[in-house]
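> Okay, predicted coordinates and the sequence, questions at the end:
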Amino acid sequence: MGGRAFERLRSSVVSKLTDVPKRILIGRALRSDRLGETLLPKRIALPVFASDPLSSVAYAPGEVLLVLSIAGVSAYHFSPWIAVAVVVLMFTVVASYRQNVHAYPSGGGDYEVATTNLGPKAGLTVASALLVDYVLTVAVSISSGIENLGSAIPFVVEHKVLCAVAVILLLTLMNLRGVRESGTLFAIPTYVFVAGVFIMIVWGAFRGLVLDDTMRAPTADYEIKPEHGGLAGFALIFLLLRAFSSGCAALTGVEAISNGVPAFRKPKSKNAGNTLAMMGLLAVTMFCGIIALAAATDVRMSENPATDLFHNGVAVGADYVQHPVISQVAEAVFGEGSFLFIVLAAATALVLFLAANTAYNGFPLLGSILAQDRYLPRQLHTRGDRLAFSNGIVLLAGAAMLLVVVYGADSTRLIQLYIVGVFVSFTLSQIGMVRHWNRNLAGERDQSKRRHMMRSRAINAFGAFFTGLVLVVVLATKFTHGAWVALLGMCIFFATMTAIRKHYDRVAEEIAAPEDPEEAQSDDMVRPSRVHSVVLISKIHRPTLRALAYAKLMRSDSLEALSVNVDPAETKALREEWERRGIAVPLKVLDSPYREITRPVIEYVKSLRKESPRDAVSVIIPEYVVGHWYEHLLHNQSALRLKGRLLFTPGVMVTSVPYQLESSEAARRRARKRQDWSAPGAVRRGPAHHHQDRDRTKDSSSST
C-alpha cells in the first residue's frame, strides 16, 4: 500500500471531520480579492489597535501603588509626580510614533525602521523584543481581567488558570474569523469601559470638589506595614524609579498602530496618526484620573497583603483578596453594588480580555513580515480562510497559554516580565528614525521640507533619549524581579530566527539555477548517460503487471524486476510463475537473512549508482489505492518506508504506479464532493513575487 493513497485517505478523513465545525466556528472562506473589505475605519481601529494601552490604566496605577507601599503609606504622596512622568513619556512616545506611521506606512513598524536604518541585527533585535512583548500582552491582559472579574465572581478567582486559558481560546477563535469581525465585537466593551472611566472621574471630581462629599475606598482604614520604612537618599530614588517603571506599563501596545497601518482605510497614514493621537489623549486622561481618585479615596495596596496589610491592628491573612485600584475607586465613587459600579467592573474585565486583541493583530502581522524576510517559517506568511494570518494567531495563543499556566495567571508576577521588550523596540526605533531624517536631510534642498524634517528629527531624538533612559531604569529595577526571563526569551527568538534565516539562505543557494551556461556540467543539468529502471515486486498480480507495462513504456536503457527473499517458499513460487508466464524482464532476487525488505533494496540501488555514477536509477513501485481508513491497517507500509529512504539517495528517482481497488471509487467521489464544496481558499499561497522563498513545483512521484 502506497504513501499517495494513504495521504489521500488521511486528507479525506481529516477534512470531513474538520470542515463542517471549522465553517461553523470561523465562517465561510473569503476570496483573496475581498481583502479590502476587511480594512478598518478609525472608530473600529481604535479599539482593535489601542485596547492594550487603554486598558492598561486598569492595572498600571495599581502597580505604582504596590511598589510605593514598600516604603509605607507615606510614600503614596509621590504617586502624582510619577503619574506626571508617565504622562510626559506617553506624549513623547505618541509624538514619535506619529512620525513613524507617516514615514513607514507599510506595516513593518519598529522592525522595518530598525532594519532599514540600523541594519538587520538591530531589526531582528526589535522583532525579538516585540514578539516576546506580544505574548506577554496576552498573558498579562487576560490574567488581570480574570482578577478584576474575580472581584465580583469568586469562582473565577478560585479557577484562575482554567478561566484564563478558556478566555484565550475564545479570543483566538474570534480573531480567526478576521480582523474586521473581531474589531466590531471588541468595539462596544472598549467604548463602554472608556465612557465608564470618564464618568467615574467626572462624578468623583464633582462629588469631591463641588459637593464636598467624603469618598472612601474599602481599604481606606487599612494600615500598611512597610518592608523598608524611612527610606531616604539613593534607596528612595531607586524605589521611585522602580514605581515609575511599573507605571510605564501604561505605554504597552502604543507601537501596535505603527505595525497595523495597512489595516486602516485610506488615507492610511493619516488615519493611523489620528488614531494614535486619540489613543494617547484618552490613556493619559484616564491614567491621571484614576491616580488622583486613588489618592482622594485613600486606596491601600500591598505587594504582600497577607502579612503587610492590617485592619484594626490584625493582618488580613492569606484568605484576603486584594481588589485592583480601579475596582476600589469605583466602589468609593459609585457605591458598592450600584449599577454603574457593576457596569464598570464588567466593562473593565471585558476590555482587559480584549486588550489582548492588540497582540492578536500585531503578532501575526509581524510574523508574516518576518516570514517574508525568511526569519520565520513561511507558513506564517500565509493567510487563512478569513484572510487573517491564522498560523500566527494560533502560535501566539499557544505561547500565551503556556505562560499563563507556568505563572498561575498572576498578573503581578507576569508584569515583572513586561515592558522590557517594549522599551527595547521604542529606543531602537527612535534611533532609527533619527538616522532616517539625517539621510533625508542630506539630499533635501527645499527649506520648508527641511524645517519639517528637522522638527521630526528633534521629536524622535528626544524620544530616543527618553525611552533609552527608561529602558535603563526598567532593566536596573526589574531585572531580578523577572525581567531577565523576558531578556532570555528575546535571546531565544533572536537565535532561532537567525538559524532559520541561515537555513533558508543555504537552501536557496544550494538549489539556485546556474546563470552561466558553462556551469551546465552539474548532475542537475547534464542528461544521464543511461537510465536503469528497477521494478519492485513481491508477487505477480495486476498492480505488478501494470508497473511492468509502465516501466517498458519508459524505454529505459536497462530494465529489471527486483524482489527480496524473506520467505523461500514464496520466492520459489514467484520464480516458477515468472518463468511460466514468460515475462521478458529479468528477475533479480536479493537474499535477506534477517527478513528485511528496505535495507537490501537500498544497498542494491546504491551499488548500481556506485558502479555507474553518471547513470540514473529509476525505482518503480506498484501500489494499492484503497478507500477506507481501516483498509490501510490491513496492508504493510513497506512502500512508504522505501520511498522515505530512497529520497536521501542521490541520482535515484522514485515513481509510484497506483492500482485503484473498488473501494477507492467511493473515496474519489467523496473527495470530488469535498473539493466542489470547499474550493474557495482550499489551497492558499502567498504573493507570487516571493517566488524565491517557495517551492515552485513539487514532483508528486518523488514525494510519495
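Alright, I've got the coordinates. Residues are numbered from 1 along each chain as shown.
> which secondary structure elements does whichever strand or helix holds Ile393 contact?
Assigned by DSSP states H and E, Ile393 belongs to helix 390-406. On a contact count with 3 or more C-beta pairs under 8 Å, 6 or more residues apart in numbering; DSSP states H and E, helix 390-406 meets helix 120-150, helix 160-176, helix 339-372. Where you see a C-beta, it was placed from the backbone N, CA and C, and this is true even at glycine.
> ok now that helix, how far from the chain's centre?
7 Å (C-alpha atoms, centre = their mean, to the nearest Å).
> what's the answer for stretch 431-438, then?
29 Å.
> And that stretch, what's buried?
By 16 or more other C-beta atoms under 10 Å, the buried positions in stretch 431-438 come out as Ile431, Gly432, Met433, Val434, Arg435, His436, Trp437.
> Closest to Val531 out of these?
Val531 lies nearest to Gly432 out of the buried residues of stretch 431-438, by C-beta to C-beta, at 56.5 Å.
> contacting residues for that closest one?
Asp110, Val113, Ala114, Thr116, Asn117, Leu118, Ala122 (C-beta atoms under 8 Å, 6 or more residues apart in numbering).
> follow-up on the earlier one: among the helices and strands packed on helix 390-406, which comes closest to Val474?
Using C-beta to C-beta, these put helix 120-150 closest to Val474, at 12.0 Å.
> Name the next helix or strand downstream of the closest one, please.
Counting by DSSP H and E, the element after helix 120-150 in chain order, helix or strand, is helix 154-158.
> Tell me which residues of that next one come out buried.
For helix 154-158, burial by neighbour count (16+ other C-beta under 10 Å) applies to Val156, Val157.
> Determine the set of other helices and strands touching that helix.
Using 3+ C-beta pairs under 8 Å, 6+ apart: helix 154-158 touches helix 120-150.
> Next, the buried residues of the helix it packs on.
Those would be 122-150, for helix 120-150 by 16+ other C-beta under 10 Å.
> What is the distance between stretch 236-248 and the centre of its chain?
On C-alpha atoms, centre = their mean, the centre of stretch 236-248 falls 31 Å from that of its chain.
> quick one: contacts of it?
60-61, 63-64, 66-68, 70-71, 75, 78-79, 82-83, 85-86, 89, 228, 231, 415, 419, 422-423, 470, 473-474, 476-478.
> So which of these are in helices?
60-61, 63-64, 66-68, 79, 82-83, 85-86, 89, 415, 422-423, 470, 473-474, 476-478 (DSSP state H).
> Drop anything exposed from the residues you listed.
The neighbour count (16+ other C-beta under 10 Å) marks 60-61, 63-64, 66-68, 79, 82-83, 85-86, 89, 415, 422-423, 470, 473-474, 477-478 as buried among the ones in helices among the contacts of stretch 236-248.
> For this structure, which segments are assigned as strands?
223-224, 309-311, 314-315, 531-536, 558-565, 587-591, 616-625, 652-660 (DSSP state E).
> how about low-confidence regions in the stretch 401-550 of the chain?
For the stretch 401-550 of the chain, the stretches flagged by pLDDT under 70 are 412, 416, 510-528.
> all helices for it, in order.
Ranges of helices in the stretch 401-550 of the chain, per DSSP state H, counting those that start in this stretch, are 411-415, 420-443, 447-478, 483-511, 542-553.
> Run the chain-centre distance for the third one.
Helix 447-478 has its C-alpha centroid displaced from the chain centroid by 29 Å (C-alpha atoms, centre = their mean).
> buried sites along that helix?
With burial defined by 16+ other C-beta under 10 Å, the residues of helix 447-478 counted as buried are 453, 456-457, 459-461, 463-464, 466-468, 470-471, 473-475, 477-478.
> Give me the outermost residue of the chain relative to its centroid.
Relative to the centre of the chain, and counting by C-alpha atoms, centre = their mean, the farthest-placed residue is Arg580 at 64.1 Å.
> domains of the protein?
The chain breaks down into these domains under automatic domain parsing: 34-504, 528-679+699-703.
> Please work out which of the ones you listed is packed deepest.
Among the domains of the chain, the stretch with the highest mean neighbour count (mean count of other C-beta atoms under 10 Å) is domain 34-504, at a mean of 21.
> hang on, the earlier thing: in TSV: the helices of the stretch 401-550 of the chain, plus distance to Phe193.
What follows is the helices of the stretch 401-550 of the chain, written out as TSV (distance: least, C-beta to C-beta, whole Å):
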stretch	distance to Phe193
helix 411-415	17
helix 420-443	22
helix 447-478	26
helix 483-511	27
helix 542-553	67
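> Next one: Pro600 relative to Pro568, how far apart?
15 Å (C-beta to C-beta, to the nearest Å).
> Sorry, slip of the keys, the one I care about is Gly109.
The span separating Gly109 from Pro568 equals 70 Å under the rule C-beta to C-beta.
> repeat for Met454
Going from Met454 to Pro568 by C-beta to C-beta gives 91 Å.
> and if you look at His311?
Distance from His311 to Pro568, by C-beta to C-beta: 90 Å.
> same question, Val261
Counting by C-beta to C-beta - Val261 and Pro568 are separated by 73 Å.
> what does Ala355 give?
Using C-beta to C-beta, one obtains 72 Å as the distance from Ala355 to Pro568.
> returning to what we had before: how much does the helix holding Ile393 deviate in direction from helix 483-511?
150 degrees (axes from the mean of the first three to the mean of the last three C-alpha atoms, to 10 degrees).
> before we move on, the earlier item: now render the buried residues of stretch 431-438 as a markdown table, adding distance to Leu370.
Output for the buried residues of stretch 431-438, formatted as a markdown table (distance: C-beta to C-beta, whole Å):
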| residue | distance to Leu370 |
| --- | --- |
| Ile431 | 21 |
| Gly432 | 17 |
| Met433 | 20 |
| Val434 | 24 |
| Arg435 | 22 |
| His436 | 21 |
| Trp437 | 26 |
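> How much space separates the residue farthest from the centre of the chain from Leu574?
The gap separating Arg580 from Leu574 is 11 Å, by C-beta to C-beta.
> again with Ala250
Distance from Ala250 to Leu574, counting by C-beta to C-beta: 79 Å.
> same question, Thr649
26 Å.
> And Ile70, by the same measure?
Counting by C-beta to C-beta - Ile70 and Leu574 are separated by 85 Å.
> Next: Leu211.
Leu211 is 102 Å from Leu574, by C-beta to C-beta.
> Same check on Ala272?
Going from Ala272 to Leu574 by C-beta to C-beta gives 73 Å.
> Ok, Ile459 next?
Applying C-beta to C-beta, the value for Ile459 to Leu574 is 84 Å.
> go on, Pro61?
From Pro61 to Leu574 the distance is 83 Å (C-beta to C-beta).
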